[in-house]
Each structure stands twice: as C-alpha cells, then as structure tokens.
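S.K.: Using only what follows, build the 3D model:
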Amino acid sequence: MTITKKTVAEKIAAYLHHEITLAQLVDWSESALMDGELAERDAQTLSSVIARLGVADVRAFGLAWEDCKELLHKLRFSSRVEVVAA
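M.R.: Prediction:
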C-alpha cells in the first residue's frame with residue numbers, strides 16, 4: 001500500500017482523537033519508514049513527517065498539539081479544535 005499525505009494525516013488525526021495510542025503511532029511510523037512505499041512525488045515531505053512521528057516516544061521530542069498542527073501543515077492539511085460538553 002502506498003503511503004500518502006492523507007494516510008499520514010489520518011494517523012495523526014486518529015492519535016489526536018484517542019483512537020490510537022502514542023505507542024501505536026510510533027510503531028506505525030517506524031514500520032512505514034522501513035517497509036512502506038511512500039508516494040513518490042511527496043516522498044521527501046512524507047519521510048520527514050513520518051520520521052518525526054517515529055521519535056515521538058522519546059522524552060526529548062514528545063508530541064504536543066503544536067507539533068501535530070505543524071506536521072499536518074507540512075502535509076497541507078489544517079487542523080481545528082472543537083470543544084463539546086462532556
């Protein structure tokens with residue numbers, strides 16, 4: 001399966017929506033870099049973003065909301081926050 005900007009954006013969104021854990025996101029990122037087929041025209045951007053996600057479990061890097069927002073921007077996606085009553 002070819003990994004596209006949309007694929008990566010969906011993984012980040014799944015993490016932000018608590019559908020996957022940080023560990024799952026990191027595992028996916030590591031696998032994607034080693035075994036994934038990156039969309040050729042976006043390979044440089046994809047490898048950069050995926051590599052950043054791959055180190056998100058290291059304390060020195062982490063993965064804050066601002067990081068996710070920046071990574072989504074690199075993928076040409078925008079983000080928004082919606083607050084709802086619990």
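
S.K.: all helices of this protein, in order?
M.R.: 5-16, 22-35, 43-54, 65-74 (DSSP state H).

S.K.: can you tell which of those is closest to Arg80?
M.R.: Taking CB to CB, helix 65-74 is the member of the helices of the chain nearest to Arg80, at 9.7 Å. Bear in mind the C-beta positions are built from the backbone N, C-alpha and C, glycine included.

S.K.: on that earlier part again, as TSV, the helices of the chain with mean neighbour count, mean pLDDT and distance to Val81 would be great.
M.R.: Shown next, in TSV, are the helices of the chain (neighbours: other CB atoms under 10 Å; pLDDT from 0 to 100; distance: least, CB to CB, whole Å):
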stretch	mean neighbour count	mean pLDDT	distance to Val81
helix 5-16	18	97	9
helix 22-35	15	96	19
helix 43-54	17	97	20
helix 65-74	15	97	8
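
S.K.: centroid residue for this protein?
M.R.: Geometric centre of the chain, nearest residue: Ile12, 4.0 Å, by CA atoms, centre = their mean.

S.K.: The residue lying closest to Ile12 once chain neighbours are set aside and Glu40: what is the separation?
M.R.: Leaving aside its sequence neighbours, Ile12 sits nearest to Cys68 (CB to CB, 6 or more residues apart in numbering; 5.5 Å). Cys68 sits 25 Å away from Glu40, taking CB to CB, to the nearest Å as the criterion.

S.K.: And Leu72, by the same measure?
M.R.: In terms of CB to CB, Leu72 sits 21 Å off from Glu40.

S.K.: Next: Glu66.
M.R.: 30 Å.

S.K.: can you pull the contacts of Thr21?
M.R.: Contacts here follow CB atoms under 8 Å, 6 or more residues apart in numbering; on that basis Thr21 touches Tyr15.

S.K.: let's go with 10 Å and repeat that
M.R.: Ala14, Tyr15, Asp27, Asp57 (CB atoms under 10 Å, 6 or more residues apart in numbering).

S.K.: quick one, phi/psi of it?
M.R.: The phi/psi pair for Thr21 (degrees, to the nearest 10) reads phi -90, psi 170.

S.K.: now it: how far from Trp28?
M.R.: Taken as CB to CB, the span from Thr21 to Trp28 is 11 Å.

S.K.: Before I go, just wanted to say thanks for your time.
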